[in-house]
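>>> Next one to model:
(chains A and B)
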Protein chains: 2
Amino acid sequence: MSTWRDDLTQETIKRERANPPFDVRKMSIEHHGSEKDLVKKEKFMLEASRDPVFYSVDIYDLTKDQIRERTMQRIQRLAHYVTSESVDDFQKRMELMSLLDPGLWTRLGVHYGLFLGAIRSGATPNQFSYWMEKGVIGCKGMFGCFGMTELAHGSNVAGLETTAIFDEQTDEFVIHTPNLGATKWWIGGAAQTATHCSVFAQLIVKGKRYGTKTFIVPLRDPATFALLPGINIGDIGKKMGRDGIDNGYIQFTNVRIPRAYMLMKHTQVTREGEVREPPLQQLTYGALLQGRTAMVTDAANTAKKALTISVRYAAVRRQFKSDAKAEFETQILDYPIHQRRLMPLVAQAVAFGYTALELQRLFEETSQALEALEPGDPNLDATIEKLKETHSTSAGLKAFCTWATLETIEKSRQACGGHGYSSYNGFANMYADFAVHCTWEGENGVLALQAGRFLIQAYQDALNGKDLSSGTKYLNKLDTVLKAKCPSNDALDTLEGIEAGWDTVAAHAVKKAYEEFQACLKAGRSREQAFEDCSQVRFVAASVHTSGYIFRQFRSAVERIERSDDGVREHLELLAKFYGLWQMEEKAAFFLRSGWLSADGLDFASAKVTEYCAKTRSFAIPLIDSFAISDHILNSPIGRHDGDIYREYFRMVRRNNPQLKEHPYFERLIRPFIERPNPELEDFDEAIGIDDEIEEIKQDREEAEAEAKAAAEEAKANK
Amino acid sequence: MSTWRDDLTQETIKRERANPPFDVRKMSIEHHGSEKDLVKKEKFMLEASRDPVFYSVDIYDLTKDQIRERTMQRIQRLAHYVTSESVDDFQKRMELMSLLDPGLWTRLGVHYGLFLGAIRSGATPNQFSYWMEKGVIGCKGMFGCFGMTELAHGSNVAGLETTAIFDEQTDEFVIHTPNLGATKWWIGGAAQTATHCSVFAQLIVKGKRYGTKTFIVPLRDPATFALLPGINIGDIGKKMGRDGIDNGYIQFTNVRIPRAYMLMKHTQVTREGEVREPPLQQLTYGALLQGRTAMVTDAANTAKKALTISVRYAAVRRQFKSDAKAEFETQILDYPIHQRRLMPLVAQAVAFGYTALELQRLFEETSQALEALEPGDPNLDATIEKLKETHSTSAGLKAFCTWATLETIEKSRQACGGHGYSSYNGFANMYADFAVHCTWEGENGVLALQAGRFLIQAYQDALNGKDLSSGTKYLNKLDTVLKAKCPSNDALDTLEGIEAGWDTVAAHAVKKAYEEFQACLKAGRSREQAFEDCSQVRFVAASVHTSGYIFRQFRSAVERIERSDDGVREHLELLAKFYGLWQMEEKAAFFLRSGWLSADGLDFASAKVTEYCAKTRSFAIPLIDSFAISDHILNSPIGRHDGDIYREYFRMVRRNNPQLKEHPYFERLIRPFIERPNPELEDFDEAIGIDDEIEEIKQDREEAEAEAKAAAEEAKANK
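Residues are numbered from 1 along each chain as shown, chains lettered A, B, ... in the order given. Next up is the predicted model:
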């Protein structure tokens, strides 16, 4: 009767791979943008998997202190690559590192992304050379951290309270933490790694405040790592995740730095204390864009990682027999409800992947346009407008994609039942590490509202007859789009038909936000108040718009693929429709509310989603394989490529939890407990409470049994 | 310009408490069911907060091994109470322990709830006495664990593969693990605590299988804690949360136990190997009910704990000024979007609280009815029917309440921004600990489908003219209820009106599930297959039904409160309407789809929800206070009652992360890194990659600056 066979899981997954309906390699190239990039990533994954520094089987049992140290070893290793390979290669490598070890990604990112980024965007050419010569590129003689957030200020950067007062006498700035709330907080790398910090502080010259500027402040003597005078740094300790990064707090007490340590590309302070404000408003959008773009990419990759584990597990895990005559129990992936749990998330992860590629392209394009800008450039307005849209798009995508991926991780974990709760299968750390994406680099709620604010403005522009481009193009023909209805159920099974639905529904959501905003203005609220008052509808507008935006990216990526008989385009088209319809079902109220979809149309869409779940299930394993995430990066026995899940899981648990010769606290705690002398035993019988109750139960039971016995005998006698 | 004042947060929260619109004490009594229970819980909270064993400030930094040992100390302490106070008192105490230390609750629960529970429900009176005399009540000489799940079997208990073969020669059972997949897995208490295990195994007598029965198997010698012959136990190590409980694996290799160690209340095996099957189907529902009831209570309590922290933080945290002239920045709780994030969850937590009280009452009632049952009882059918309904109701509630609370924890964390990510503020552990509630004691997905299956049956009964009671009463007048429409927007602001909506929408959802099920049957699918095929609509039916059920519990609790001028009933009524309307908005598609709500009605409901968010905000702090969760249990500086969040958070971080005299790995890792000899430095200029790029950027910058300078000079000249 046992259905156990040692190799059943491997055989099962082999069978799942037997006849993929598409060319798996070509599908993989599609996900990764190009064959070149795929090959590159495979090379990096191989390197990492063989490098002892990246050994990860023991990682789930390390303490915070051990992980910190392990991460430092890995940083050393990566520093080798940062100076020896191209920026593009290194970014690809880091994209994988983020999947393998998010704390490492952050710890290195603090130096290269934030600290060096602050210098690149804020330093004059001379200042830039100075820090280069100091060794900032290769982390030679210095390691940077990024001193923005304070204990009492996060989102409101303009409200930071650390001060930088210019001392004309000595030609220095005095950096100072005026109160506890102004303590720099969450500063990654501060606790154990950094020698320097790019400090955001209020520039004060001759008693006048000029707002928040950036100052490079030395923290430690690189030769001894002793704190410099006036610097107080502490570890802020245990976090939900990413313990590899050493976040700390910093308090400055009258710390003096040379005037030249203020980054002066934009605002300048002269020897005499003259402050020159920049001619152009600071274009800091660029720096924000980079972080958000990286996070959308990370959301797509992490969702694929989580789903690789949960879908492979679902394919080889068996539970219950639907048919008593079946040889084995049913693969849980064959249950329609399990398909409903996971398959839409797979389509979504693929959609996010294309959206991330598109956002990367947009980011490159915008960065180049920005670099090319010169004062008085005739393209200035157009470029800034484009930048604003890209900025708002990336804000919405960062918020909704990271939220959705966090949910994907949790749903994947739950879909693996109890084994999903074991740290060794990876979800616990993945969730805890990923969760911070919803909070940093722009809190998701705040970002979603920024995206909504842009949409209200776009609606106003559309009403004014302005021709909108790219992301909000659907607002151009408002009369038509607002009145549109789904022509037939057949339309719901085409990419055009689904896109038309998203156009109409997004237009309605934006219209509602716009109108509520206008009503608030008319009621006498200030512009800022009006934006706050309509924040809920603004949020909804951003949410609906972003789903439509992602669908459009997916659709246009699919339509760029050449038709061929390798099955790739065909199956991606299926996934695109699946994503569009599933999101339609998820946000069905807006579709019904707008009149675009009828009740019958909704039922049709729901039935289609169920159908696509089953279809996607049929090629789920080849599809997951095409995500091309190595076993080393997965680091999850139940998600293994070869399907040998139980033996490997058991081995990993045993490897990390060797059986002890001696019980750690038997003599100290357990023996005195179970052998404890028994003062209560004396009055055991009189003890109030549970014992009485037990006695009662016993009596009741005995009586009941006696009666039952009597009744049975009576019945016997009566026969 | 600084807005910092050391006591601003305390003053702010004091002001929030100044004029509560209801009697806070009476509100608190309402939440806790009675004044007696509230006072009792306050007493227990005080005791825990002063007991050094329950000191918790250092808890977030303990390693797994340290937490295990700490938990054992706490178990010793609780063993004192278990034998000295009433069951009801001890359960209340444990309810609080679960909030303070979920791993402890589980570790003790494994013995008292599961192991002892198995004995109570499965032992004959003599067997019961035997184990009592052995010391099971006071954990004297023994500590139990519960050996149900196996590596390859969780949900499918009937499919477990551990065998118990009766040896007639020796009058013993031979307990055996036939293969790796049958290894007992996840067994709480097995790794370090248990001496005995209640093992679920396939009973085999004379070669015939009789299904899964329970056997008490000794694991360790209580005097030395050495494993007994044939027992192999290992630690399964690190989990997402609840590291205080020592889950392990157990493999049995031909372990012999006396025949009497099989629990024989239901099935009996005689000396001769005769198997007597029970006359009644085993009524094991009761045991499941207890766990689920406790989990619904825990869901309500944990949601209140998370919200106590996030709402208090939102009241004292300030960020941005909406009005430049304002003295201080705005409390984030004053932002409408922040109210939208948290206030509906508060209403939901209160609703869950009343639902949990009702479920406890139902559980008591059902248990008593079960205890009173006797063979041939004329009430048997009615009782079993009632039990089935309670069982299905508790399944749905367990699933949807634990899901919602997990979301509440995560949303609360995110609402606290960066500080929510610090372990010291409690959300990280709370999430990780709570998450397992969605998986154990019936996987949520599976439970939701069980609830849906019951609803399909109920619909069939209603069509057959049967008069349904309690939870599914709304199906009695199907013709009327299915056709009903919301009479006017005014109705949406009454408890009756909202309940009518839930009746209609739930009826439609159940109808849809029923009809799809019937269609599957007609298409020739077996009953089981048909249930699988319609699982998505079955799931939806359970989800909609459960929201309506919770609303009804809340409503009837409110309507039981006497009218008075203490404001309690009035504000609870407000919260009940709020919950009902917010859930309506969340599940709006079903309301529109059913025709009960018009597009305009939905807009009205949404506007009402926003209005109730603002209203609830106005008394949010007194309401949160009335949950009466002590600072000790919260163990979260940003959630403190006195509002002194920043100083206490800073103190806690410093206390747990003392500044080290020496850097832990400076000499070992950092010095060699930042001072590393520089082979690359030689060819620094030729290095491909980033250095080239930097050179280019430098040149571009210099050119651009030169041009800009020239242009500026030209412009000057032209003036």
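>>> And for the nearest residue to A:E16 once chain neighbours are set aside, the neighbour number?
Nearest-residue entry for A:E16: A:I621, 3.8 Å, with adjacent residues in sequence omitted and distances by C-beta to C-beta, 6 or more residues apart in numbering or on different chains. C-beta: built from backbone N, CA, C; applies to glycine. Residues lying near A:I621 (other C-beta atoms under 10 Å in any protein chain shown) number 27.
>>> Over to A:I59?
20.
>>> Show the contacting residues for it.
A:I67, A:R70, A:D101, A:N429, A:N635 (C-beta atoms under 8 Å, 6 or more residues apart in numbering or on different chains).
>>> Which of those fall in helices?
A:I67, A:R70, A:N429 (DSSP state H).
>>> Can you sort out which of these also neighbour chain B?
With C-beta under 8 Å from any C-beta of the partner chain as the criterion, the subset of the ones in helices among the contacts of A:I59 in contact with chain B is empty.
>>> which stretches of the stretch 1-150 of chain A form helices?
Assignment of helices within the stretch 1-150 of chain A using DSSP state H, counting those that start in this stretch yields the ranges A:8-16, A:24-32, A:35-50, A:64-82, A:87-100, A:102-109, A:116-122, A:125-134.
>>> and the ones you listed, which is most packed in?
helix A:102-109 (a mean of 25; mean count of other C-beta atoms under 10 Å in any protein chain shown).
>>> quick one on the thing from earlier: go through the helices of the stretch 1-150 of chain A and name the closest to A:G417.
Checking those against A:G417 by C-beta to C-beta gives helix A:8-16 as the closest, at 15.2 Å.
>>> on contacts alone, who are the packing partners of the closest one?
helix A:285-316, helix A:620-625 (3 or more C-beta pairs under 8 Å, 6 or more residues apart in numbering or on different chains; DSSP states H and E).
>>> weakest of those helices in terms of mean pLDDT?
Note on those: lowest mean pLDDT is at helix A:285-316, with a mean of 92.
>>> Would you mind measuring from the closest residue to A:G188 other than its chain neighbours to chain B?
Of all residues not flanking A:G188 in the chain, A:V110 sits nearest, at 4.2 Å (C-beta to C-beta, 6+ apart). From A:V110 across to chain B, the span is 15 Å (C-beta to the nearest C-beta, to the nearest Å).
>>> Three-state assignment for A:T224, please.
coil (DSSP: H, G, I helix; E, B strand; the rest coil).
>>> How many residues are close by it?
By other C-beta under 10 Å, neighbour count at A:T224 equals 11.
>>> what do you get for the one 5 residues further on?
Residue neighbour count, defined by other C-beta under 10 Å, stands at 9 for A:P229.
>>> cool, and the one 4 residues further on?
Using other C-beta under 10 Å, A:I233 has 21 neighbouring residues.
>>> Residues touching the one helix or strand it maps to, excluding its own?
Applying DSSP states H and E as the criterion places A:I233 in strand A:231-235. Residues from elsewhere that reach strand A:231-235 (C-beta under 8 Å, 6+ apart): A:190-192, A:219-220, A:227, A:246-253, A:255, B:653-654, B:657, B:659.
>>> ok, now stretch A:608-623?
So stretch A:608-623 is contacted by A:13, A:16-17, A:20-22, A:24, A:27, A:311-312, A:315, A:333-334, A:336, A:339-340, A:342-344, A:346-347, A:350, A:492-493, A:571, A:574-575, A:577-578, A:581-582, A:585, B:536 (C-beta under 8 Å, 6+ apart).
>>> Near chain B, which residues of the stretch 151-300 of chain A are found?
So far as C-beta under 8 Å from any C-beta goes, the stretch 151-300 of chain A lies against chain B at A:151-156, A:159, A:161, A:178-183, A:185-186, A:192-193, A:195, A:202, A:209, A:222-223, A:225, A:233-241, A:249.
>>> Among these, name the buried ones.
A:151-156, A:159, A:161, A:179-183, A:185-186, A:192-193, A:195, A:202, A:222, A:225, A:233-241, A:249 (16 or more other C-beta atoms under 10 Å in any protein chain shown).
>>> From A:S543, how far off is A:Q339?
Remark: distance between A:Q339 and A:S543 (C-beta to C-beta, to the nearest Å) = 25 Å.
>>> who has more neighbours, those two?
Between A:Q339 and A:S543, A:Q339 has the larger neighbour count (other C-beta under 10 Å), namely 25 against 21.
>>> Direction-wise, compare the helix or strand where that one lies with helix A:35-50 and give the angle.
Using DSSP H and E, A:Q339 sits in helix A:336-372. With axes from the mean of the first three to the mean of the last three C-alpha atoms, to 10 degrees defining the directions, helix A:336-372 sits at 110 degrees from helix A:35-50.
>>> And chain B, is helix A:336-372 touching that?
Yes - on the criterion C-beta under 8 Å from any C-beta, helix A:336-372 is in touch with chain B at A:P336, A:I337, A:H338, A:R340, A:R341, A:E371.
>>> Neighbour-wise, which one of the residues you listed leads?
A:H338 (24 neighbours).
>>> For the residue lying closest to A:K304 once chain neighbours are set aside, which three-state class applies?
Spatial nearest neighbour of A:K304, excluding adjacent residues (C-beta to C-beta, 6+ apart): A:F627 at 4.3 Å. At A:F627, secondary structure determined by three-state DSSP is coil.
>>> can you give me phi and psi for A:F627?
Phi and psi for A:F627, reported as degrees, to the nearest 10, are phi -70, psi -20.
>>> Kindly state the pLDDT recorded for it?
Value listed for A:F627 in the pLDDT field: 98.
>>> residue boundaries of the strands in the stretch 401-550 of chain A?
Ranges of strands within the stretch 401-550 of chain A: none, based on DSSP state E, counting those that start in this stretch.
>>> Residues of it that sit close to chain B?
Counting by C-beta under 8 Å from any C-beta, the residues of the stretch 401-550 of chain A that sit close to chain B are A:406, A:410, A:413-414, A:417-418, A:420-424, A:427-428, A:431-432, A:435-436, A:438-440, A:443-445, A:449, A:528-529, A:532-533, A:535-536, A:539.
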